[in-house]
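A.B. asks: following is a predicted model, sequence given first.
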Amino acid sequence: MSFKKSILCIGAGYVGGPTMAMIAYKCPQYKVTVVDISSSRIDAWNSDNLPIYEPGLYEIVKTVRGKNLFFNVDIEEEIIKADTIFVSVNTPTKTFGTGAGMAADLQYWEKTARKIRECATSNKIIIEKSTLPVKTALAMERILTSQNSSIRFDVLSNPEFLAEGTAIKDLEFPDRVLIGSRETPEGISARDELVQIYLNWVPKQKIITSNIWSSELSKLVSNAFLAQRISSINSISALCEKTEADITEVSKAVGMDMRIGSKFLNASIGFGGSCFKKDILNLVYLCEQYGLSEVASYWHGVVKINEYQKERFVLNMLKYMFNTLAGKKISLLGFSFKADTGDIRESPAIFIAKRLAEEKVELVISDPKALQNAKNELCNLDITVSFIEDPYEACINSDAIAVMTEWSVYRALDYEKIYKDMAKPAFIFDGRNILDHKKLFEIGFNVFPIGKPSMSHL
């Protein structure tokens, strides 16, 4: 079959795989190929057990795979064939050298740019899909054009704005699609070609075009603003607990102000995921590099509040359980950083599990989708850790339950049954404020929400 366009994505992770699946699904006239250096990951994309869980993803992949969506490891050959190349490789926070703990580690991105330059035999449009520091496109341009060649590379920025757990919906019905380019005739022409791809299903008014630097920075700033809202409401939750105010009532009153809005105002144990902390620290590092120390300090505070909220949760458990947790059995309900995903990256549950291990607890982890990832993360803990998917079984003989993830299944559990099987006095620490606290108290639990008065029989 002949296709109008050949699209390649380098990187088969949380962004590249779902994004290319949606493009293939909406654009049957295009051939879409995803490559990755990990053969096991590519094998998983070609199987019935995809490497990531997202509601609706498998159905879309199954519909188009082998028709106009393909997964393989032949990176060099696919670069040669492609007209348009999305770069969606990992850009983690550096763990070494200058900028360690803050700056983005761009080694995989640079290796990809060099590989494109080595293999390309025709003009290419290169699209930054990974989250990258502002001015990264300039570095990519310099790498791609560092050898005398008649081949033209036009670099675009097209950051993703996906939320895990709703990625397929976000791709099919995006709030906006942002495409940045050089403001030259060639750059605008390349940008228009990418616009045409998205116009196959995205309304024109939702496609925003900008200069390339604005596009790169917009992704970091969007995540920083969302995380800021979470840290802001979590900081107030600590005050609510001291003053007997109710954070849910405060959030509702604040969120009804049309200038503020209600989204991302739910108090919790803190934010997680692959983006928020990484992107804010990247923003902090950039500000410091440009001499904007006050701006850097402001945004660093968002991360500090998030760390404080997690530590505060553990200290409350210690305080209310008679100032010792040693030898007690504590069940964590949920381990993924949010519901409807198996992703545990930067999950608050990781920090809390490791802090509880320091207190010498007997730990039980339960989660519908993230148990294997939890096992991999906690394999070196020097305490007894059990991994049990069934929440009822996970809570048997437990001294306390701590809700880590807002999975809907945890709202609907029979807590009378759970209470009967627990050690007494029984404690519940609701790190997501998703349970009926009054009912739990009536059953007999000692209940400790986030940002609300505790309800204790003791």
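C.D. replies: Perfect, thanks for sending it. Numbers count the residues shown, from 1 in each chain.

A.B. asks: show me where the stretch 101-250 of the chain has its strands.
C.D. replies: 124-128, 153-157, 177-181, 207-211 (DSSP state E, counting those that start in this stretch).

A.B. asks: could I get the ones you listed as TSV with mean neighbour count?
C.D. replies: The way it works is simple: take the backbone N, C-alpha and C, and place the C-beta from them, glycine included. Shown next, in TSV, are those (neighbours: other Cβ atoms under 10 Å):
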stretch	mean neighbour count
strand 124-128	24
strand 153-157	24
strand 177-181	24
strand 207-211	15
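
A.B. asks: tabulate the ones you listed (JSON lines), appending distance to residue 24 and mean pLDDT.
C.D. replies: Below are these laid out as JSON lines (distance: least, Cβ to Cβ, whole Å; pLDDT from 0 to 100):
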{"stretch": "strand 124-128", "distance to residue 24": "16", "mean pLDDT": "94"}
{"stretch": "strand 153-157", "distance to residue 24": "20", "mean pLDDT": "93"}
{"stretch": "strand 177-181", "distance to residue 24": "17", "mean pLDDT": "96"}
{"stretch": "strand 207-211", "distance to residue 24": "19", "mean pLDDT": "96"}
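
A.B. asks: nearest to residue 321, out of those?
C.D. replies: strand 177-181 (47.6 Å; Cβ to Cβ).

A.B. asks: report how many residues lie close to residue 394.
C.D. replies: Counted with other Cβ atoms under 10 Å, residues neighbouring residue 394 total 20.

A.B. asks: so what's the residue count around residue 91?
C.D. replies: 24.

A.B. asks: phi, psi of it?
C.D. replies: The phi and psi values for residue 91, taken as degrees, to the nearest 10, are phi -130, psi 70.

A.B. asks: and the gap between it and residue 279?
C.D. replies: 10 Å (Cβ to Cβ, to the nearest Å).

A.B. asks: and residue 171, by the same measure?
C.D. replies: 20 Å.

A.B. asks: looking at those two, which is more packed in?
C.D. replies: Each of residue 171 and residue 279 has its neighbours counted (other Cβ under 10 Å); residue 171 has more, 27 against 24.

A.B. asks: please list all residues in contact with that one.
C.D. replies: 18-19, 22, 162 (Cβ atoms under 8 Å, 6 or more residues apart in numbering).

A.B. asks: still on that earlier bit, using JSON lines, lay out the strands of the stretch 101-250 of the chain together with distance to residue 325.
C.D. replies: Formatted as JSON lines, the strands of the stretch 101-250 of the chain follow (distance: least, Cβ to Cβ, whole Å):
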{"stretch": "strand 124-128", "distance to residue 325": "46"}
{"stretch": "strand 153-157", "distance to residue 325": "48"}
{"stretch": "strand 177-181", "distance to residue 325": "46"}
{"stretch": "strand 207-211", "distance to residue 325": "50"}
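
A.B. asks: looking at those strands, which is closest to residue 312?
C.D. replies: So among those, strand 177-181 is nearest, using Cβ to Cβ, at 35.9 Å.

A.B. asks: restricting to C-alpha, output the closest one in CSV.
C.D. replies: Extracted in CSV, the C-alpha atoms of strand 177-181 (Å, rounded to 0.1, in the frame of the first residue of the first chain):
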residue,chain,number,x,y,z
VAL,A,177,-1.9,21.7,20.1
LEU,A,178,1.2,23.9,20.3
ILE,A,179,3.6,24.1,17.4
GLY,A,180,6.7,26.3,17.5
SER,A,181,9.0,27.1,14.6
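
A.B. asks: quick one, that strand and strand 153-157 angle?
C.D. replies: Taking axes from the mean of the first three to the mean of the last three Cα atoms, to 10 degrees, strand 177-181 and strand 153-157 form an angle of 140 degrees between their directions.

A.B. asks: which other helices and strands contact strand 177-181?
C.D. replies: Under the contact criterion of 3 or more Cβ pairs under 8 Å, 6 or more residues apart in numbering; DSSP states H and E, strand 177-181 touches strand 153-157, helix 185-198, strand 207-211, helix 212-243.

A.B. asks: return the most buried member of these.
C.D. replies: Highest mean neighbour count among the helices and strands packed on strand 177-181 (mean count of other Cβ atoms under 10 Å): strand 153-157, with a mean of 24.

A.B. asks: and the two most separated of the contacts of residue 171?
C.D. replies: Farthest pair in the contacts of residue 171, by Cβ to Cβ: 22 and 162, 10.1 Å.

A.B. asks: where does this protein have low pLDDT?
C.D. replies: Applying pLDDT under 70 to the chain flags residues 131-134, 148.

A.B. asks: so it: which segments form each domain?
C.D. replies: Domain segmentation of the chain under automatic domain parsing yields 5-202, 213-458.

A.B. asks: thinking again about what came up before, could I get the contacts of residue 171 as JSON lines with neighbour count?
C.D. replies: Formatted as JSON lines, the contacts of residue 171 follow (neighbours: other Cβ under 10 Å):
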{"residue": "18", "neighbour count": "24"}
{"residue": "19", "neighbour count": "23"}
{"residue": "22", "neighbour count": "24"}
{"residue": "162", "neighbour count": "19"}
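
A.B. asks: quick one: end-to-end distance for stretch 427-440.
C.D. replies: One end of stretch 427-440 to the other measures 10 Å (Cα to Cα, to the nearest Å).

A.B. asks: repeat for stretch 75-89
C.D. replies: One end of stretch 75-89 sits 13 Å from the other (Cα to Cα).

A.B. asks: could you do stretch 173-190 as well?
C.D. replies: Terminal-residue distance, stretch 173-190 (Cα to Cα): 24 Å.
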